[in-house]
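Undergrad: Let's see this in three dimensions:
(one chain, ligands or ions: 1)
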Amino acid sequence: MPPERSELHNELVGRALLWAAWCCPALLTVPKASSTVELIAGAAVTAGLAGVAAFLPKFLWKLSCAITLVALPYTLWWCGAAAVGGTGPGYDAAVAATQTHSGEALGALEFVLGLPAFLTVVLAHVSFLFLALRAAAQPAAVAHRSASARSVRIALLASLLPLSVFSLLAVGSAGPAPRRIPLFGAATLVSPLGSVVDIAAMKIRLLSWYHEQGYRRRKARTTTVLTEPQLAIFIIGESVRAGGYGPNQGQRGAASRQLADRVHAGLGAWLPTTCAASDGTHLAVPMLVTATTPENRQQAPSAPTVLGILKAAGFTTAWLANNEAGPDVRERGHDLYAGAFNVNPDNMDDAGLVNWKYDEEMIPLIKEFASKSNGPKGMILHFIGSHIPYQARYPSAFFPPEPSGLPNDQLVDLRYARSLEYGARTILQVADILDLTASPAFLVYASDHGENLPSDHNGLQIHLGPRTSVQDGTVSAFVLWNKAMADTGSPARALSRLVLAKHIAHVDVARLFLVLAGLMAGPVEPTADPTVWGRISIGDDYGVVRCTALRP
Ligand SMILES: [Zn+2]
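TA: Presented below is the predicted three-dimensional model:
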């Protein structure tokens, strides 16, 4: 063979070897196709993507070789996941992989090293790549460059053809949720290059979705990492005004009495009258969950939540939402999201939402989450609580029939009281889960805002009225813990200053949660003169007002 010819031969062989290097990992996935159509699609998409990588113009083809070499750890990870799962990993698996710790990663590596299919495919990929790199390092003769370029262009076009076809088919089958369909349909994930395309496309979609949603929350950073098991629960109540839960409600019903008895027995504490961050759910909850004062309310959508701080400190976290607090409360990165409302900004089409009529329907999930793994666990439970209509918050058969002929004021008072009583029952069910936990476990409860009732005769209805009143500007708050937590002495220390105050603020409750979880030094210092984002008089604009300036 003349030297020029052999050099041309070298380059084409090198490109074919790179193509083979990118095709062979798909042996772990394509043969597992459940139908002939799927098998053909998988093979075509794999060959097409590998063709694009291998038959790029001259300078890009050498770059392609170099990138393939640098991407070896990625390819190994992909082959491991494919050997175990039978399909290539997508965006979610990539996110999970970046969050894994070294022990877990080593365990997974040890496992896949025992799989002959994994070893064979990886060996083939590395061998093809090595030979391709050797070919790429050879110079090509000038005389044959044009001939070579023509063959390469044909190969590139031939590779793009199946990709275009499957991309068009994927668009056609996308339906109403096009964001979740991979670029080349289901066959996208059968090769490492397809997974790259899917992960990159998903990241771009998410970034544009965050932009559309105005999502801008920062990820929490913490230097503390906790590993000891504990259970930390933050319950956000709804429309429970100051005194709604407290030491003077023991006569309301069995659950309220049991709650009071529990506190009396040293397994909980009532917190002083708590000034809400504001008088509406969407206004107050973003500040409450981020420990943001009304003075700094514009920071609430970007500050990490208290649950995000736990997550950053090594907790497994869950956010269960049976209530809605708007886009400013969302936070990505938690291990479990569930409920009737979407607080996960990565969930673009509200997938997986369920209908919970009563808050108690989240109890089985809380129980399962609390018992699942070792290590520290944290939860936010966002209750629908005592939201209007009050009689929708409890099964009517749970209470005796409503007395007939009650004046409206008394009827509404009765229904509000029943919603509180039923809510106390649900809270006690969560407390039972604390008691079933062997490690320290606690829950912090604070309502989002209070409520005006007709019997107040203040001219205001429910909450978020033309002015903020004492009734909707202040709320109930308390803490419950289990025996193991009491034995640590931590609740008594954390609360020593807080319980002496006349008024505390929503931020104090959020800080208490962090102190009890071991992520902030205690005791919690009560806010000296709590403020509310509200309006003192009708006609005022919303502003930072002193809580003690609110009128009934
Ligand atoms: Zn609310």
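Undergrad: so which residue of the chain comes closest to the ion?
TA: Of all residues in the chain, residue 281 sits closest to the ion, at 3.1 Å by C-beta to the ion. Yep, even glycine has a C-beta here, placed from its N, CA and C like the rest.
Undergrad: What segments of the stretch 101-250 of the chain are strands?
TA: With DSSP state E, counting those that start in this stretch as the criterion, the stretch 101-250 of the chain has strands at 230-237.
Undergrad: same deal with the stretch 451-552 of the chain?
TA: For the stretch 451-552 of the chain, the strands defined by DSSP E, counting those that start in this stretch occupy 474-475, 477-481, 503-505, 531-534, 543-546.
Undergrad: Pull the residues that contact stretch 383-395.
TA: Residues from elsewhere that reach stretch 383-395 (C-beta atoms under 8 Å, 6 or more residues apart in numbering): 235-240, 244, 322-323, 356, 358-359, 412, 415-416, 418-423, 426, 447, 451, 462.
Undergrad: The same query, at a cut-off of 6 Å, please.
TA: Here stretch 383-395 makes contact (C-beta atoms under 6 Å, 6 or more residues apart in numbering) with 237-240, 322-323, 359, 415-416, 418-420, 422-423, 462.
Undergrad: Quickly compare the strands of the stretch 451-552 of the chain and say which is most buried.
TA: Mean neighbour count (mean count of other C-beta atoms under 10 Å) peaks for strand 474-475 among the strands of the stretch 451-552 of the chain, with a mean of 30.
Undergrad: Run through the residues of the stretch 251-400 of the chain sitting next to the ion.
TA: residue 281 (C-beta under 5 Å from the ion).
Undergrad: Below-threshold pLDDT in the stretch 251-400 of the chain: ranges please.
TA: For the stretch 251-400 of the chain, no stretch is flagged by pLDDT under 70.
Undergrad: can you give me the helices for it?
TA: For the stretch 251-400 of the chain, applying DSSP state H, counting those that start in this stretch gives helices covering 254-264, 281-289, 306-312, 363-372.
Undergrad: Export the ones you listed as TSV, with columns for distance to residue 211.
TA: Listed next are these as TSV, based on distance: least, C-beta to C-beta, whole Å:
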stretch	distance to residue 211
helix 254-264	45
helix 281-289	19
helix 306-312	20
helix 363-372	32
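Undergrad: Tabulate those in JSON lines, adding columns for mean neighbour count.
TA: Formatted as JSON lines, the helices of the stretch 251-400 of the chain follow (neighbours: other C-beta atoms under 10 Å):
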{"stretch": "helix 254-264", "mean neighbour count": "17"}
{"stretch": "helix 281-289", "mean neighbour count": "26"}
{"stretch": "helix 306-312", "mean neighbour count": "25"}
{"stretch": "helix 363-372", "mean neighbour count": "16"}
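Undergrad: Turn the strands of the stretch 451-552 of the chain into CSV, columns for mean pLDDT.
TA: Below are these laid out as CSV (pLDDT from 0 to 100):
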stretch, mean pLDDT
strand 474-475, 98
strand 477-481, 98
strand 503-505, 98
strand 531-534, 98
strand 543-546, 98
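Undergrad: CSV for those, including distance to the ion?
TA: As requested, those are exported to CSV (distance: least, C-beta to the ion, whole Å):
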stretch, distance to the ion
strand 474-475, 10
strand 477-481, 14
strand 503-505, 17
strand 531-534, 14
strand 543-546, 19
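Undergrad: Let me know the closest of the contacts of stretch 383-395 to residue 185.
TA: residue 322 (36.1 Å; C-beta to C-beta).
Undergrad: so where's the stretch 1-150 of the chain uncertain?
TA: Checking the stretch 1-150 of the chain against pLDDT under 70 turns up 1-8, 139-147.
Undergrad: ok, which residues in it are in contact with the ion?
TA: Nowhere does the stretch 1-150 of the chain come near the ion, counting by C-beta under 5 Å from the ion.
Undergrad: what ranges do the helices span in the stretch 1-150 of the chain?
TA: Listed in chain order, the helices of the stretch 1-150 of the chain (DSSP H, counting those that start in this stretch) span 3-23, 36-54, 58-70, 72-85, 91-99, 102-112, 116-136, 145-172.
Undergrad: and residue 545, which of those is closest to it?
TA: Nearest to residue 545, of all these, is helix 91-99, at 42.1 Å by C-beta to C-beta.
Undergrad: Confirm for me that the residue of the chain closest to the ion is in contact with residue 448.
TA: Yes. Residue 281 is within contact range of residue 448, at 5.1 Å (criterion: C-beta atoms under 6 Å).
Undergrad: sorry, back to before: kindly reformat the helices of the stretch 1-150 of the chain as JSON lines containing mean neighbour count.
TA: Below are the helices of the stretch 1-150 of the chain laid out as JSON lines (neighbours: other C-beta under 10 Å):
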{"stretch": "helix 3-23", "mean neighbour count": "19"}
{"stretch": "helix 36-54", "mean neighbour count": "21"}
{"stretch": "helix 58-70", "mean neighbour count": "15"}
{"stretch": "helix 72-85", "mean neighbour count": "20"}
{"stretch": "helix 91-99", "mean neighbour count": "15"}
{"stretch": "helix 102-112", "mean neighbour count": "12"}
{"stretch": "helix 116-136", "mean neighbour count": "17"}
{"stretch": "helix 145-172", "mean neighbour count": "15"}
